[in-house]
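Colleague: Sharing a sequence plus its predicted fold:
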Amino acid sequence: MKLLEIEDLKVGFETEAFLFRKKQKDKEVLKGVTFSMEENQVLGLVGESGCGKSTLAKVIVGMNQTYQGQVQYHGTKPQMVFQDPYNSLNPSKTIGFTLTEPLRVQKKWKQAEIRKKAFSILESVGLDEKLFDRYPHQLSGGQRQRVCIAEALMTDPKLLVLDEAVSALDVTVQAQIIKLLLQIRQERNLAMLFISHDLRVVYQMCDQVMIMEQGKIIEMGDTQTIFYNPKEAYTKKLLEASGIADEI
Amino acid sequence: MKVRQQFKRTISFNRIVGSLITGLMVLLIFVGIFYTPYDPDAMNAVEKLQGISIRHILGTDHLGRDLLSRIMEGSKTTFFVAFFTVLIGASIGMVLGALSGYLGGIFDRIIMGINDVMFAFPSILLALVMIALLGTGKIQVVIALGIAFVPSFTRIVRAEFIRIKNMDYIENAKLIGVKPLRIMFVHILPNCKTVLLSAIMIGFNNAVLAEAGMSFLGIGVQPPDASLGRMLSESQSYLFSSPMYIFFPGLAIILLVLGLSLLAESLSKDL
């Protein structure tokens, strides 16, 4: 079953006219992106900085409404996990508040139910219940990222968008989080769009990979195929630059 | 390491002295609500302009009123005028700053335009205009100064909101469907507390000085109500014949402002 369908997605940024500034039709960031995602699929999205990866992520979760084309998701709204765990938790709120907020704003849950659910999700991301009343500054980077993942899971989404979600972590923590993500994927039948510039992590995690260059998807296929037999010159360049080409 | 230790010591020095002075003044004010040695308004033609004595610890003024009682009464007036001034200024400034920082766009431009115009006038001049419109008295002074204090709070809160609203955790809050008002006052505002607290402390000091200044000019608190500024203004004719009369009200103003400044400084470094 299709979970996400995107057809001919275009996003451009415009500067509005004001006083002496003319209205400019700026560069297009996404130039007609088309792809779809299945249930329980982990899809990697790779490309250099500024190629439109994050813009695509923002469109999918609904943070960017100024696009042309078709974006359709089935089931619960996709949730997002951000890159910097030091920036994605509100420093003046307890972990408990952050976790329960997504359900509290829906106004159809009882307080006790929300708490119970938060505790069970805390457990499933491998965190102690004691953290419920702590503040973000009392947590390590890895713990924070686990909290962010837990928060994203609170509304039971079927699709998780991970925008460089492990890039800011050091290597050992990175490995733990990747393990956790794969485990959660099995438990909850979750699909993930995994955005990264780190090809090693993508190789470890993803079933399929998309390569993006300047707002277009230039190559797409199974991870093995792309890594062993890249067709496009740009893909080869990326693989070489990451130093992974020699190892495979 | 050594530098750090020294640094810590200055913080605690500020804190201790600041809380001692502020504690003394607050004690004086709160005791003054229930008890003063004499009726602060009771005149005594026999004991005019007395110096320090056992009967009158700080002496008497030109109408024979007990100075300690009047300073207690005057500090109380000054304190509460400053308190409500800051309350009005900070609450209106907070709401306007939050809306203008978070919403941006045309609303922001209008609010900041008005703000800049108000900033162009000295706040005491603005207060003068308000007094001319509203008349004189305690409540009028509070309203006039309160409105004059709004722009500085608006500006501070707006700057904080602009900084915080682009953080990932606010983006995420929008994503999970939190309503804008809840984002503003539940998610963003608590993160402004450090800046806001020191702004309130500094604002309080400015309000004490502004009230004293207005009463000194005779447009603030009206007689027979005591206020530190009024006492200064009344005592200036007796500057040389009875120097203690001008010394003690002035000292009270200095202590009130100094204590809170020290406390504010130590708190803002600590938070």
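Modeller: Here it is on my side, so go on.

Colleague: Need the residues that contact stretch A:43-55.
Modeller: A:11, A:29-30, A:33, A:35, A:37, A:56, A:64, A:163, A:191-197, A:199, A:202, A:205-215, A:223, A:238 (CB atoms under 8 Å, 6 or more residues apart in numbering or on different chains). No exception for glycine: its C-beta is placed from N, CA and C like everyone else's.

Colleague: could you point out which element follows the helix or strand of chain B with the lowest mean pLDDT?
Modeller: Lowest on mean pLDDT, DSSP states H and E among the helices and strands of chain B sits helix B:2-34, with a mean of 77. Under the assignment DSSP states H and E, the closest C-terminal helix or strand after helix B:2-34 is helix B:67-103.

Colleague: and that next one, what's its mean pLDDT?
Modeller: Mean pLDDT, helix B:67-103: 91.

Colleague: helices and strands around that helix, which ones?
Modeller: Counting contacts by 3 or more CB pairs under 8 Å, 6 or more residues apart in numbering or on different chains; DSSP states H and E, helix B:67-103 packs against helix B:2-34, helix B:105-120, helix B:138-165, helix B:193-216, helix B:228-235, helix B:243-270.

Colleague: Out of these, flag the one nearest B:Arg70.
Modeller: helix B:228-235 (6.4 Å; CB to CB).

Colleague: Tell me what angle the closest one forms with helix B:138-165.
Modeller: Here helix B:228-235 points in a direction 140 degrees away from that of helix B:138-165 (axes from the mean of the first three to the mean of the last three CA atoms, to 10 degrees).

Colleague: what distance separates helix B:228-235 from the centre of its chain?
Modeller: Counting by CA atoms, centre = their mean, to the nearest Å, helix B:228-235 is centred 18 Å from the centre of its parent chain.

Colleague: And for stretch B:146-166?
Modeller: 18 Å.

Colleague: tell me which residues in it are buried?
Modeller: For stretch B:146-166, burial by neighbour count (16 or more other CB atoms under 10 Å in any protein chain shown) applies to B:146-158, B:160-161, B:164-165.

Colleague: Then stretch B:60-77?
Modeller: Those would be B:60-61, B:63-77, for stretch B:60-77 by 16+ other CB under 10 Å.

Colleague: low-scoring pLDDT stretches of the stretch 51-200 of chain B, where are they?
Modeller: For the stretch 51-200 of chain B, no stretch has pLDDT under 70.

Colleague: Spell out which residues of it are next to chain A.
Modeller: Residues of the stretch 51-200 of chain B lying close to chain A (CB under 8 Å from any CB of the partner chain) are B:167-179, B:182, B:187, B:190-191, B:193.

Colleague: Keep only those of the residues you listed that are in helices.
Modeller: B:168-175, B:182, B:193 (DSSP state H).

Colleague: Going by neighbour count, which of those comes out on top?
Modeller: Counting neighbours by other CB atoms under 10 Å in any protein chain shown, the top entry in these is B:Asn172, with 27 neighbours.

Colleague: check contacts around that one.
Modeller: Contacts of B:Asn172 were listed using CB under 8 Å, 6+ apart, and they are A:80, A:82, A:88, A:151.

Colleague: Those also near chain B: which ones?
Modeller: Checking these against chain B (CB under 8 Å from any CB), the matches are A:80, A:82, A:88, A:151.

Colleague: can I assume the last one is in contact with A:Leu99?
Modeller: Yes. Taking CB atoms under 8 Å as the contact criterion, A:Glu151 and A:Leu99 are neighbours in contact, 5.6 Å apart.

Colleague: check which helix or strand covers A:Tyr86.
Modeller: Per DSSP H and E, there is no helix or strand for A:Tyr86.

Colleague: Over to the one 4 residues further on?
Modeller: Secondary-structure assignment from DSSP H and E places A:Asn90 in no helical or strand segment.

Colleague: Got phi/psi on it?
Modeller: A:Asn90 adopts backbone torsions of phi -70, psi 120, taken as degrees, to the nearest 10.

Colleague: for chain B, what are the nearby residues on chain A?
Modeller: Contact residues (CB under 8 Å from any CB) of chain A with chain B: A:61-63, A:79-80, A:82-84, A:87-93, A:98, A:101-102, A:105-106, A:151, A:155.

Colleague: Kindly recompute the last result at 6 Å.
Modeller: A:61, A:82, A:87-90, A:92, A:102, A:105 (CB under 6 Å from any CB of the partner chain).

Colleague: Buried ones among these?
Modeller: For these, a neighbour count by 16+ other CB under 10 Å gives the buried set as A:61, A:82, A:87-90, A:92, A:102.

Colleague: Tell me which two in those are the farthest apart.
Modeller: Spatial extent of those (CB to CB) is set by the pair A:Val61 and A:Ser92 at 24.1 Å.

Colleague: most centrally placed residue in chain B?
Modeller: Nearest residue to the geometric centre of chain B (CA atoms, centre = their mean): B:Phe204, 2.1 Å.

Colleague: brain fart, chain A
Modeller: Geometric middle of chain A (CA atoms, centre = their mean) lands on A:Leu162, at 1.7 Å.
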